[in-house]
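Colleague: sequence first, then the predicted structure:
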Amino acid sequence: VEAHYGRVVEAHQSLFGNTDPTNSNRIMRKLKSKIQDCEVKDSAEVAEIFRQTDVIKPAILPVGKKVRRYILSSCQDETKPDHAFVRNLEAYAEWLGDCEIMLSGFTYNKSGLEDVERRKSGKKDQPSIYHKSLRKYLNNGQSRLCDGLLFCGEMNTLPTAVRPLSGFETYTGGDWGIFPHPKIQLEAIATSKFERTKHLMTTGCVTKPNYVKKKAGIKAAFHHEIAAVLVEVDVDGSYFCRHLCADKHGSFYDLDRWIKQGEVTTGHRIEALNPGDIHHEKLDPDVALSVFGYDVKTRTITTRDNLIDWLRPKFTFLHDLSDFSARNHHNIKDPHFLYQTHSTQTANVEYELQGCSDFCSVNRRPFMELKVIQSNHDNALLRWLKSVDWRDDMENAKFYLQTQLDCLKLIDSSNGTPIFEKVLRDLSSDGLAGIQFIGEDDSFVICDDIECGMHGHLGANGSRGNLKQFTKFGRKSTTGHSHSAGWFDGALAAGVCSSLDLIYNKGASSWSHSNVLTYANGKRTIVTEMNGRWCIR
């Protein structure tokens, strides 16, 4: 067909020069149409774009006796890829070893922008074409990467969907699910309290924004993320998922690694670490060791093999430092709970707050600024001072009266220092020098546009806070409070560092041991613990 097309062009030029007779032009259009038909058919076969309409049976990928890794993302039909990002993904996959790149294609009807000839020819529904550099990675089927984790490459969700994970809560059963979509979201789904919480997440995209210039398309372009998900599967079946988000040059961070211009370098520090809520009295021993190197029994740092000493964040933000379980308002009138705290010797408020002060003191690092965010559980101390009668609690009577007097002096001085901060500083030999306490109405912004000064319990205009409400704020945010990891638009939430059973959370739970990492370029990711680890080192 190409040869005939060339002959017609030659004949046209020799016979008619620069004129454009109707007949020759019509013949050439027909031949050109045939060439396009052949290209479309060939591209569709290579891309395996035709999706299954029967029952989905996932391809089961073996774990084997060695670590396996997968880089998962999506790509849009008839759209240019971010070549720098794809190149860096390929370089990182090679550096990791035994790492497979898998892309799922999605389609988007842009008929309003199609050329007139294509619309007139009635070919708007022809199979989609993907860029030739991406075809070798296309996988539009469902893949079981390991026991408990599915890549749902068969899902073709509109890129303009505001909540691309909506309706998928039960789609993967009890398994984690990774869905192709250019907007990044992560949602924790409640499971039985002592099972691993299920996470659903989207991948981001390797192709550039390509949308209709209307409201839905313009909004989608704003939230379009050049990104992928890295999945690591260990030989024991443990798996770890985290996002790789590119900057405007296609470069990206992953933990302490920086991938730029096809080269991988290591030893880079992160900008900030937002651990899950601390709840020191109920701190999980394994999580305390793996994040801080902190031993809950001796209240000291016993190992430097931990996230903080490895990633060396400039800032670490502590939320819900105290659980205040000794005299929490949830249980203050429960005689059975009070008896339990008495019999287990956990009813002493001063001792528990001393533990919080010690935790802050020993977790100071010369390379890091420690920030304590005023949180609802920390505020329980003030609520206790306002609501109880010291005569009914002889174990805490002396501490109660001393703290009450300090509280009244703070009111007289009008310096605005919360009583929780004063108590913790007074319990430290050096007043917790170098540690900043950030109040409820204070702000602390990193990387120019990420608010890290909110705990998450307060919303706008006196309402209760929630993650989806924070997406409407004027800047990005990283919060805690909910104990459930989440990522909606520019709002991220960490999980919890304590036990997943805090007595008052009855029934199914979406809590998880998840931390938020912020990199030097302002990109973020969520890492979730499994079997005492956060990743495969």
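Modeller: Structure's in. What do you need?
Colleague: just checking, residue 98 touches residue 69?
Modeller: Yes: contact criterion Cβ atoms under 8 Å: residue 98 and residue 69 qualify, at 6.2 Å. All C-beta spots, glycine's among them, are computed from the backbone N, C-alpha and C.
Colleague: host element of residue 492?
Modeller: Under the criterion DSSP states H and E, the helix or strand holding residue 492 is strand 491-493.
Colleague: just checking, what packs against the helix or strand that that strand is followed by?
Modeller: Moving toward the C-terminus from strand 491-493, the next helix or strand (DSSP H and E) is strand 514-518. Counting by 3 or more Cβ pairs under 8 Å, 6 or more residues apart in numbering; DSSP states H and E, the packing neighbours recorded for strand 514-518 are strand 272-274, strand 524-528.
Colleague: now the last one, how far from the centre of its chain.
Modeller: Averaging C-alpha positions (Cα atoms, centre = their mean, to the nearest Å) puts strand 524-528 5 Å from its chain's average.
Colleague: tell me the buried residues in stretch 136-143?
Modeller: Buried residues in stretch 136-143, counted by 16 or more other Cβ atoms under 10 Å: 137-143.
Colleague: narrow those to those in strands?
Modeller: Of the buried residues of stretch 136-143, the ones assigned to strands by DSSP state E are 142-143.
Colleague: pipe the buried residues of stretch 136-143 into TSV and attach pLDDT and distance to residue 150 per row.
Modeller: Written out in TSV, the entries for those read as follows (pLDDT from 0 to 100; distance: Cβ to Cβ, whole Å):
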residue	pLDDT	distance to residue 150
137	92	18
138	91	18
139	89	13
140	89	14
141	88	11
142	89	6
143	90	7
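Colleague: now the two most distant members of the buried residues of stretch 136-143.
Modeller: Of all pairs drawn from these, the one with the largest separation by Cβ to Cβ is 137 and 142; the distance is 16.2 Å.
Colleague: residues in contact with residue 335?
Modeller: Listed by Cβ atoms under 8 Å, 6 or more residues apart in numbering, the contact set of residue 335 is empty.
Colleague: what's the closest non-adjacent residue to residue 465?
Modeller: If the residues on either side of it in the chain are set aside, residue 465 comes closest to residue 459, at 4.1 Å by Cβ to Cβ, 6 or more residues apart in numbering.
Colleague: what about that neighbour, how many residues nearby?
Modeller: Neighbours of residue 459 under the rule other Cβ atoms under 10 Å: 15.
Colleague: so it touches residue 469, yeah?
Modeller: Yes: taking contact to mean Cβ under 8 Å, the distance of 5.0 Å between residue 459 and residue 469 places them in contact.
Colleague: and the closest residue to residue 442 other than its chain neighbours, how many neighbours does it have?
Modeller: Across the structure, with Cβ to Cβ, 6+ apart as the measure, the residue nearest residue 442 apart from its sequence neighbours is residue 453 (5.3 Å). For residue 453, the neighbour count with other Cβ under 10 Å is 20.
Colleague: residue 453 - that's part of a strand, no?
Modeller: No: with DSSP: H, G, I helix; E, B strand; the rest coil as the criterion, residue 453 is coil rather than part of a strand.
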